[in-house]
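Participant: Predicted coordinates and the sequence they were generated for:
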Amino acid sequence: MTKKTSWYLIAYDISNTKRLTKIHKFLKKKGAMPLQKSVFAWVGREEGLNRLIKRLEKIIAADEDDVRIYPIASLQAIDLWGKAKDSPLLSEGPPRTPWQRLKRWIAIKRKTPTHGY
């Protein structure tokens, strides 16, 4: 197992309210940062991720629920539109939370998309 710390995006669609609440509380307890109602950012090592996955597997109903974990390089830039632009977690200026104090954390607010769709 690697000792490298990595970022992960965790997204879920849970059909049962009780399981939904349990997963949300569990992820917050494990240090995941909520980005949206069912989307979290989590940073940790591979062995921590494996423990997280095993616990999530015990909570969900595999035939009804959907949990996805995506590795991401870092949280260096985040585009925000709509209500997200006023989020207290993602703001310009001095760091206000432990997440924002991380050296790699830079939230960028843009008024228009830069993706050229």
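Facilitator: On my side now, so go ahead. Numbering: from 1, shown residues only.
Participant: So what's the residue count around residue 34?
Facilitator: Residue 34 has 15 neighbours, counted by other C-beta atoms under 10 Å. Every C-beta, even on glycine, is put in place using the N, C-alpha and C of the backbone.
Participant: Please look at it and residue 23 and confirm they touch.
Facilitator: No. Counting by C-beta atoms under 8 Å, residue 34 stays clear of residue 23, with 11.5 Å between them.
Participant: mind listing the helices for this protein?
Facilitator: 17-29, 46-59, 98-101 (DSSP state H).
Participant: okay, the ones you listed in CSV with mean pLDDT next?
Facilitator: Below are the helices of the chain laid out as CSV (pLDDT from 0 to 100):
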stretch, mean pLDDT
helix 17-29, 96
helix 46-59, 96
helix 98-101, 48
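Participant: among the ones you listed, which is nearest residue 71?
Facilitator: With C-beta to C-beta, the closest approach to residue 71 among the helices of the chain belongs to helix 46-59: 8.9 Å.
Participant: For burial, what's the neighbour tally of residue 66?
Facilitator: Around residue 66 there are 12 residues (other C-beta under 10 Å).
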